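J.: when you get a sec, could you give me coordinates for this:
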Amino acid sequence: MAAALCCTSLQAAPQIKARTMASDAKARPMASDAEAAKRFKPNPPELPATMRAVVWRGDMDPAKMKIEELQMPRPKADEVLIKVRACGVCHTDLHVILGEVPFPKPGVLGHEVSGTVIELGEGADASLLGAKVMTTFIMPCAKCRFCKIGEEDTCEPFFTYNRGKGQLYDGSSRLKTVAGEDVAMYSMGGLAEYCVCPTTAVFKLPERLGENLFAESCVLGCMFFTAYGAVHNAARLKKGESVAVIGCGGVGSAVIQMAKAVGADPIIAVDLGEEKLNQAKKNGATLTVDASSDVPAEIAKLTNGHKVDVCFEVIGLKKTFENAVMSVRDGGRAAYIGIADVKVKAEVPITHLVRRRISLNGSYGARASTDTPEVVKLAENGQIDFVNPITRRFSLEEAAQAYRMLGNREILGRAIVEISKY
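T.: Residues are numbered from 1 along each chain as shown. I've put the predicted structure just below:
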């Protein structure tokens, strides 16, 4: 179906389940014609034919990424077009650039954005048009066997089509060069002036966040979304339990805050150097361990020999993976968030694991439909601080520099790329 037939910015699209912060996934009543008319501008500006995007063409040097002109993407059924306000700079993108995680090239990276919905695909919720939103990096299909049982973080089409082929769920990308070359999308491909995203991953921002923290809200879609999933789904952390977090950068700092919000105590931060450990304390860590030491032994010293109930590993290295296993108490849980080169393998002591009842759980993001409203609620209520962890801001022209600095460990906490002014 041609884009002109499946997209709308002039008349209301059929209503589907609304995904908002103020309600659950219950269907809303149909809007009246008068209400619908208020949502749409009678003469919206024409979209440009092209847009600018940072394109990765396979070079392992992040600085080699360049801005290119791409055709303006258009949303298909149950998708929206977003004018991107800001996009987070995540280490997972760097794994792709370095060739450690397979992904098609050329591609547009960037998988956590905030922005304004400017066009609707067929069937998209009409109330989204004009809304300030954030997106989750996992874009559930809502139809596969995992999504149907509430395990959207294991959505089969997401991994098959998006992570495997850089496509959306009709088996095609929404991105093309001016010459017609297909360009892969890592999630929605947020390092661009505009992006297309399925509505299952699009969430309205409350007024306070949309008006005052619009750009910063982009980090809710991966940094804090991932932390929430690890704390609540993988570890099932309870109030009063003890925690260690190995790796306290962007996602690690969010894990510390999520653990604090639950009421964990103590929260032990493990990282390299005084600067990072001091930053971890600002985020809520109560104790620190330098990662250059014997980490399990140091954690044991700080806990009267008991070690911790839960250890979160947020780095993705062989050594840190193994340290997490040995840092938890008998019957404890190790939750793994860090992505590694796909060739990296770790070793665990089998007998210790079995006799001491150690549980190992992988954690990749969270569940968009149920967890994102909770993440945004925590942000809206001030229970998590997603502003102070953002220590660097870059323009779209500087995005390649941002990833070079990330690779050189020159960024403390999180960086964002600010793409538009509103």
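J.: and residue 413, what's its pLDDT?
T.: Residue 413 carries a pLDDT score of 89 in this model.
J.: so after the longest strand along the chain, what's the next helix or strand?
T.: The strand spanning the most residues in the chain, taking DSSP state E as the definition, is strand 79-89. Counting by DSSP states H and E, the next helix or strand C-terminal to strand 79-89 is helix 91-97.
J.: buried residues in that next one?
T.: Neighbour counts using 16 or more other C-beta atoms under 10 Å place 91-97 of helix 91-97 among the buried residues. Every residue, glycine included, has its C-beta placed from N, CA and C.
J.: wait, what's in contact with the nearest residue to residue 316 once chain neighbours are set aside?
T.: Excluding the flanking residues, the one nearest residue 316 by C-beta to C-beta, 6 or more residues apart in numbering is residue 338, at 3.0 Å. Residue 338 sits next to 247, 313-317, 320-321 when contact means C-beta atoms under 8 Å, 6 or more residues apart in numbering.
J.: how about JSON lines for the residues you listed, with pLDDT, distance to residue 128 and neighbour count added?
T.: Below are these laid out as JSON lines (pLDDT from 0 to 100; distance: C-beta to C-beta, whole Å; neighbours: other C-beta atoms under 10 Å):
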{"residue": "247", "pLDDT": "96", "distance to residue 128": "35", "neighbour count": "27"}
{"residue": "313", "pLDDT": "98", "distance to residue 128": "37", "neighbour count": "29"}
{"residue": "314", "pLDDT": "97", "distance to residue 128": "32", "neighbour count": "30"}
{"residue": "315", "pLDDT": "95", "distance to residue 128": "37", "neighbour count": "25"}
{"residue": "316", "pLDDT": "94", "distance to residue 128": "35", "neighbour count": "20"}
{"residue": "317", "pLDDT": "95", "distance to residue 128": "40", "neighbour count": "17"}
{"residue": "320", "pLDDT": "97", "distance to residue 128": "40", "neighbour count": "22"}
{"residue": "321", "pLDDT": "97", "distance to residue 128": "40", "neighbour count": "22"}
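J.: adding distance to residue 266 and secondary structure, write those out as a markdown table.
T.: Formatted as a markdown table, those follow (distance: C-beta to C-beta, whole Å; DSSP: H, G, I helix; E, B strand; the rest coil):
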| residue | distance to residue 266 | secondary structure |
| --- | --- | --- |
| 247 | 17 | coil |
| 313 | 18 | strand |
| 314 | 18 | coil |
| 315 | 20 | coil |
| 316 | 24 | coil |
| 317 | 24 | coil |
| 320 | 20 | helix |
| 321 | 22 | helix |
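J.: I'd like those written out as CSV, with distance to residue 102 added.
T.: Output for the contacts of residue 338, formatted as CSV (distance: C-beta to C-beta, whole Å):
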residue, distance to residue 102
247, 23
313, 22
314, 22
315, 20
316, 15
317, 19
320, 22
321, 20
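J.: closest to residue 212 out of these?
T.: For the contacts of residue 338, the minimum distance to residue 212 (C-beta to C-beta) is 28.5 Å, reached by residue 314.
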